[in-house]
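Q: Below are the sequence and a predicted model; questions follow.
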Amino acid sequence: MLERFRQFWTNVWAPLANLLLKMGVTPDQVTIVGTLGVSFGALFFFPRGELFWGVIFITAFVFSDIMDGYMARASGKSSKWGAFLDSTLDRVGDAAIFVGLAIYYTSVHAEADLGSVKTYFYLSLACLVLGSLTSYARARAESLGMQAKGGIAERADRLVAILVMTGLNGLFGADFLTEITLWALAAASLITVFQRMAIVRKQALADPGLGS
């Protein structure tokens, strides 16, 4: 759903991306720095209970995912390696966010009800695993000559939802915002996995030669 806004954000960040290109910065360097920034923000701030500042820090780097693609196209340096690096490091950044939240529930909430702590710890891990599975389904389908893009919870949707709600949680001290979002993302991600499987199955049945 949020992919439709990608061009808008690309236009917003294009001037900075062009400046970085003039300075000799490569798209791959932006990808790596962006992933390091997201991972540090999630794994440093979230376990300390500093959710709001963690989200602010992560947001400062998360747009690198748009900038690196624009820079690659603008410089004519798009490559299979760059696409592979970007996709792989996206998984690293996403995982760091949910690992940071999992640690948050076992550290900051260590004295809370044990059942509640375990529930949201496991939900954070479920979101991590299911989010990676949705991305894997798409990548595997494309490697077989099919497509599996779509579903109710694409990566951008999941990322925006958890960051916005966690940021508001940190600002207002409303843990239920993050907790509701974890429940929703776990369910939506699972549904998306099955949606993508159905998309691939339909293509495979329509053309048995695909992927052979």
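A: Here it is on my side, so go on.

Q: contacting residues around the one helix or strand residue 31 maps to?
A: Using DSSP states H and E, residue 31 sits in helix 27-45. Applying Cβ atoms under 8 Å, 6 or more residues apart in numbering, the external contacts of helix 27-45 come out as 17, 20, 51, 53-55, 57-58, 60-65, 67-69, 71-72, 75, 77, 81-82, 85-86, 89-90, 92-93, 96-97, 99-101, 103. Where you see a C-beta, it was placed from the backbone N, CA and C, and this is true even at glycine.

Q: Spatially central residue for the protein, please.
A: In the chain, the residue lying closest to the centroid (Cα atoms, centre = their mean) is residue 94, at 4.2 Å.

Q: Identify the residues contacting that one.
A: Counting by Cβ under 8 Å, 6+ apart, residue 94 makes contact with 128, 131-132, 155, 158-159.

Q: filter those residues to the buried ones?
A: Buried subset of the contacts of residue 94 (neighbour count, 16 or more other Cβ atoms under 10 Å): 128, 131-132, 155, 158-159.

Q: Sitting in strands, which of the residues you listed do you find?
A: With DSSP state E as the criterion, strands contain none of those.

Q: min pLDDT across these, which one?
A: The lowest pLDDT within the buried ones among the contacts of residue 94 belongs to residue 155, with 90.

Q: Correct me if wrong: residue 188 contacts residue 162.
A: No. Assessed by Cβ atoms under 8 Å, residue 188 is found out of contact with residue 162, at 11.3 Å.

Q: Low-confidence regions, this structure specifically.
A: Where the chain drops to pLDDT under 70, the residues are 1-5, 109-112, 210-212.

Q: mind checking how far the helix holding residue 31 is from the chain centre?
A: Relative to the centre of its chain, helix 27-45 is centred 12 Å away, using Cα atoms, centre = their mean, to the nearest Å.

Q: circling back: need the buried ones from the contacts of helix 27-45 selected in ChimeraX.
A: The ChimeraX selection below is limited to those of these classed as buried (16+ other Cβ under 10 Å):
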select :17,20,51,53,54,55,57,58,61,62,63,64,65,67,68,69,71,72,82,85,86,89,90,93,96,97,99,100,101,103
